[in-house]
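*Asks:* Attaching a predicted model along with its sequence, questions to come.
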Amino acid sequence: MADISVKIHSLFDLTDSREIRPGEKFSFSVTATNSSEADAVRLENVRYHMKVEDPTVAKLLVPPTNPDAEGTGYKGIDPATGDLVELAPNAEVDEIYLHPRATIRGGGPVVIERAGDLDIGDSDKLTLRGKAVTVGSTG
């Protein structure tokens, strides 16, 4: 059976110190890789769900624009309705649903690659930002 692997890279303090203090912002990257095994399949309409395990320690930050400069939309669950809704820019949240945008490939007829497609052996790398609520460390 083919596997999808996910790797979370180290936290990077945006102030360049080894310690993340309460109120400081940091960034981290996540790479999702589709299998390249013989039984692998192309994944279509992939969505990413990022959640802070302990929201008393950190929050995820929505970019200043939503969707961001790459066209990725940031959504969250409305607690009142349970619906998936656009998150406000700069919001501090416990979880985010990422919706990558469709891309257009050039050449003859326009070919639109559906948002979130992940070909066999392909990888997506996402960089997210967060904010420390209580003291933590990057290493």
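*Replies:* Thanks, I have the structure now.
*Asks:* tally of neighbours for Gly82?
*Replies:* Using other CB atoms under 10 Å, Gly82 is surrounded by 7 other residues. In short, each C-beta sits where N, CA and C put it, glycine included.
*Asks:* and it, what pLDDT?
*Replies:* pLDDT recorded at Gly82 is 89.
*Asks:* same deal with the one 5 residues further on?
*Replies:* Note for Leu87: predicted pLDDT of 91.
*Asks:* got it, and Pro109?
*Replies:* 52.
*Asks:* roughly how far apart are Leu128 and Val62?
*Replies:* 10 Å (CB to CB, to the nearest Å).
*Asks:* Next, show the common contact partners of those two.
*Replies:* Ile96 (CB atoms under 8 Å, 6 or more residues apart in numbering).
*Asks:* if you count what's nearby, which of those two comes out ahead?
*Replies:* Val62 (22 against 19).
*Asks:* if I pick the more buried one, what's in contact with it?
*Replies:* 74, 87-93, 96.
*Asks:* Go again with 7 Å.
*Replies:* For Val62, the contacting residues are 74, 87-91, 93, by CB atoms under 7 Å, 6 or more residues apart in numbering.
*Asks:* Ok, Pro89 next?
*Replies:* 62-66.
*Asks:* In which helix or strand does Ala80 reside?
*Replies:* Using DSSP states H and E, Ala80 sits in no helix or strand.
*Asks:* need the next SSE after the least confident helix or strand in the chain by mean pLDDT, C-terminal direction.
*Replies:* Lowest on mean pLDDT, DSSP states H and E among the helices and strands of the chain sits strand 111-113, with a mean of 49. Downstream of strand 111-113, the first helix or strand assigned by DSSP H and E is strand 123-132.
*Asks:* what residues does that following strand touch?
*Replies:* 20-33, 48, 50, 58-61, 92, 98, 118.
*Asks:* which of those are buried?
*Replies:* 20, 24, 26, 28, 30, 32-33, 48, 50, 58-61, 98, 118 (16 or more other CB atoms under 10 Å).
*Asks:* Mind checking which of the contacts of strand 123-132 land in strands?
*Replies:* Using DSSP state E, the members of the contacts of strand 123-132 that fall within strands are 20, 25-33, 48, 50, 58-61, 92, 98.
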